[in-house]
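S.K.: Return atomic coordinates for the entry below.
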Amino acid sequence: SALYGDMKLADVLPEVSKAGCVGLDIWGRQHATHREQVDEMGVDAFAGMLQKFNVKLRCSTRYPLGPFGLQPEMPVAKRLGAELIVVASRGPKNVVGAEAKKGVARFLELMKPHADAAAEHGITIAIENHANALLASPDSIRYFAELNRHPALGVAFAPHHLHETVELMPGLIRGLGAGNLPFIYLQEHGIGSKKTVAKEIELEQLPGYGTLDYHPILKALREIGFTGCAEIFMHPTPRGVPMLPTPGKITAAINKSRAHIEGLLKEVNK
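M.R.: You can find the predicted model right below:
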């Protein structure tokens, strides 16, 4: 929902099926206002709205809560039918080698009670590999794959934050395997995610608009039997504004990207 910024949920939900999506990932401030809109109307009212528009909530993205503050969100997510909560990691930043292994091991230990609670609610916590975080470097992702044993904990894989090591992404995906990879962003790095530029340059973060070759990524996903959620994504600048002026124009851009990915999938499956 971050692509639709501060638009009303009543205007966003009808676009889910139009965009060929299996469901909704709901975002809040600073990237959107939709999670706050849920709080304003009440969970039951939002559940009714989802039913009205025949939309399934698949994910709640809750970066402001942090990985150790997610438990209040879990019963809400369960009530609304979501099976994923996405959040960032916590710990020493941008670590590699032995420091990465130590930091990831400590983080996974601290996450155990939260992952246990998520499992009780039928939810998986997906930790995004994000710049300037614990889970950032290729080493940290590899150690997550090696050390994580909790079925309710995985990675929200973000190519956008691995743009300096593009060639490593397929191997990282294979190393994680389907069990550690419940979620992937289909977004590439672009200056428009942090700087005001012409709209056509900003949109280059989207599949089919930029230059990232998704063939190796999709091939790796196919090889591991990926069954998680794949999300066409970008960051408008400034944060929190809609990607384009109207819901219909945003949905059309998503569909262009989806067509690009589906065309590549046909080639990968040959």
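
S.K.: CA atoms for contacts and neighbours, from now on please.
M.R.: Fine.

S.K.: The nearest residue to residue 78 once chain neighbours are set aside: neighbouring residues, count only.
M.R.: Excluding the flanking residues, the one nearest residue 78 by CA to CA, 6 or more residues apart in numbering is residue 121, at 6.1 Å. Here the number of neighbours of residue 121 (other CA atoms under 10 Å) works out to 19.

S.K.: so residue 121 makes contact with residue 74?
M.R.: Yes - the criterion here is CA atoms under 8 Å, and residue 121 meets it with residue 74 at 6.6 Å.

S.K.: what residues are up against the residue nearest to residue 78?
M.R.: Residue 121 is in contact with 74, 75, 78, counting by CA atoms under 8 Å, 6 or more residues apart in numbering.

S.K.: Tell me where the stretch 1-150 of the chain has strands.
M.R.: Secondary structure of the stretch 1-150 of the chain, counting by DSSP state E, counting those that start in this stretch: strands at 24-26, 57-61, 84-88, 124-128.

S.K.: how about those in a markdown table, adding mean pLDDT?
M.R.: Shown next, in a markdown table, are those (pLDDT from 0 to 100):
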| stretch | mean pLDDT |
| --- | --- |
| strand 24-26 | 98 |
| strand 57-61 | 98 |
| strand 84-88 | 98 |
| strand 124-128 | 98 |
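
S.K.: How much space separates residue 22 from residue 225?
M.R.: Residue 22 sits 18 Å away from residue 225, going by CA to CA, to the nearest Å.

S.K.: How about the backbone phi and psi for the residue nearest to residue 78?
M.R.: Residue 121 has phi and psi values of phi -100, psi 0 when expressed as degrees, to the nearest 10.

S.K.: again, but for residue 230
M.R.: Main-chain torsions, residue 230, degrees, to the nearest 10: phi -110, psi 130.

S.K.: does it have beta-bridge partners, and which?
M.R.: Assessed by DSSP bridges, residue 230 has beta-bridge partners residue 184.

S.K.: my guess is it contacts residue 183, does it?
M.R.: Yes - counting by CA under 8 Å, residue 230 does reach residue 183; the two are 5.9 Å apart.

S.K.: higher neighbour count, these two?
M.R.: A side-by-side neighbour count of residue 230 and residue 183, using other CA under 10 Å, places residue 183 first with 27 against 16.

S.K.: in the stretch 151-270 of the chain, which spans are strands?
M.R.: So, for the stretch 151-270 of the chain - with DSSP E, counting those that start in this stretch - the strands run 153-157, 183-186, 229-232.

S.K.: Just name the most buried of those strands.
M.R.: strand 153-157 (a mean of 26; mean count of other CA atoms under 10 Å).

S.K.: From the contact counts, what lies against it?
M.R.: Counting contacts by 3 or more CA pairs under 8 Å, 6 or more residues apart in numbering; DSSP states H and E, strand 153-157 packs against strand 124-128, strand 183-186.

S.K.: Columns distance to residue 200 on top of the ones you listed, output as JSON lines?
M.R.: Shown next, in JSON lines, are those (distance: least, CA to CA, whole Å):
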{"stretch": "strand 124-128", "distance to residue 200": "26"}
{"stretch": "strand 183-186", "distance to residue 200": "18"}
